[in-house]
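Participant: sequence-free structure coming up:
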């Protein structure tokens, strides 16, 4: 058992200035050094194209490209380092298992992965261009799940690593959805147009209860309706992994939930006795956080690891200029593995 901490970052202003702020904070951590060390250990199996990446950002999210420029200028890193560590175009995912359930009042999600990849940063951003949003960060500029000021909620689940192609990764696509989309229909159109690097399903719900699951891969996008999602395709089933037992078992648990209250959902997702919360961290499939969103009241919550407390935030109040009043989130993980920016020196010496 160990205590883990995720910092909370609030910012209102331009994307470029937001990039500068994030870079200043990164310079106080071993994050970038750790990323460079990780690339030495495992050489990237893909190419990088600066002009192609820039043109796609300018087509879909030009303001976020300005954020990348702010990061680059402050960190004083090369174009290639920006592409490799911050732009998230052409990166292959690792296997993981996540679970999502939503209804008219609640959207809850378990994020399962490896602690060494976790940023340990929960971000609230109110940009000059685009929609303000709240949620846990991934690879600095991406989002793992979240809700925007319009009441649109997003989460994604890993599906496969089959034949990835040129495209954006899940974390930056999640950010695009939150910052660029007012409605579920906006998100549908965006997901049709974006080039997808790998196999993920995106679960979307808006304030009007329009919702969908988008099954995406490098070869196509398919939409279906359901309020539960684990880690296998139903429409693009020809692209499923061979081993689906765990994903199917968790899907059965979710489908059997009935009409749960908020308290019921939190217990279902965070009490390991029910089968959704797992501690397989060394196998890249341990539950790191549980996110909860209420689109009707614009409130958000997160539970880190096995902390019994759901930290809840009044996002609507924050949108009106009121600070959260909380600077960090704490929890417990039953593993000796730590977050990337907390354990880099120890990782390097092993």
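Facilitator: Thanks, I have the structure now. Note that this is a predicted model, so its numbers are computed, not measured.

Participant: Show the contacting residues for the spatially most central residue of the chain.
Facilitator: In the chain, the centroid-proximal residue (C-alpha atoms, centre = their mean) is residue 144; its distance is 0.7 Å. When contacts are counted by C-beta atoms under 8 Å, 6 or more residues apart in numbering, residue 144 touches 111, 135, 136, 137, 138, 155, 156, 171, 174, 289, 291. C-beta coordinates here come from the backbone N, C-alpha and C atoms, glycine included.

Participant: From what I see, residue 155 and residue 107 are in contact.
Facilitator: Yes: taking contacts as C-beta atoms under 8 Å, residue 155 lies within contact range of residue 107: 7.2 Å.

Participant: Could you name every residue contacting both of these two?
Facilitator: Here residue 155 and residue 107 have residue 100 as joint contacts, going by C-beta under 8 Å, 6+ apart.

Participant: In the sheet, which residues pair with residue 213? Tell me.
Facilitator: Residue 213 has these beta-bridge partners by DSSP bridges: residue 203, residue 224.

Participant: Quick check, it in contact with residue 200.
Facilitator: No: in this structure, residue 213 is not within contact of residue 200 by C-beta under 8 Å, at 10.6 Å.

Participant: Just the buried ones from the contacts of residue 144?
Facilitator: Buried residues within the contacts of residue 144, counting neighbours by 16 or more other C-beta atoms under 10 Å: 111, 135, 136, 137, 138, 155, 156, 171, 174, 289, 291.

Participant: Show me those residues that map onto strands.
Facilitator: 111, 135, 136, 137, 138, 155, 156, 289, 291 (DSSP state E).

Participant: could those residues go into JSON lines alongside pLDDT?
Facilitator: Listed next are these as JSON lines, based on pLDDT from 0 to 100:
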{"residue": "111", "pLDDT": "94"}
{"residue": "135", "pLDDT": "98"}
{"residue": "136", "pLDDT": "96"}
{"residue": "137", "pLDDT": "95"}
{"residue": "138", "pLDDT": "91"}
{"residue": "155", "pLDDT": "97"}
{"residue": "156", "pLDDT": "95"}
{"residue": "289", "pLDDT": "94"}
{"residue": "291", "pLDDT": "97"}
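
Participant: Which of those sits closest to residue 226?
Facilitator: Minimum separation from residue 226 among these (C-beta to C-beta) is found for residue 155, which lies at 13.1 Å.

Participant: Against residue 130, how distant is the closest one?
Facilitator: Using C-beta to C-beta, to the nearest Å, we find residue 155 at a distance of 19 Å from residue 130.

Participant: Pull the contacting residues for residue 208.
Facilitator: 183, 184.

Participant: Now the biggest strand by length in the chain: buried residues?
Facilitator: As assigned by DSSP E, the longest strand anywhere in the chain is strand 2-13. If you call a residue buried by 16+ other C-beta under 10 Å, then strand 2-13 has these buried ones: 4, 6, 7, 8, 9, 11.

Participant: quick one: contacts of the following helix or strand past it?
Facilitator: As assigned by DSSP states H and E, the chain's next helix or strand after strand 2-13 is helix 15-26. Helix 15-26 is contacted from outside by 9, 11, 32, 63-64, 66-75, 125, 127-129, 140-141, using C-beta under 8 Å, 6+ apart.

Participant: Restricted to buried residues, select those in PyMOL.
Facilitator: Command for PyMOL, covering only those of the contacts of helix 15-26 found buried under the criterion 16+ other C-beta under 10 Å:
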select buried, resi 9+11+32+63+64+66+67+68+69+70+71+72+74+75+125+127+140+141
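
Participant: can you tell me which of the contacts of helix 15-26 are in helices?
Facilitator: Assigned to helices by DSSP state H, the following of the contacts of helix 15-26 qualify: 32, 63-64, 66-75.
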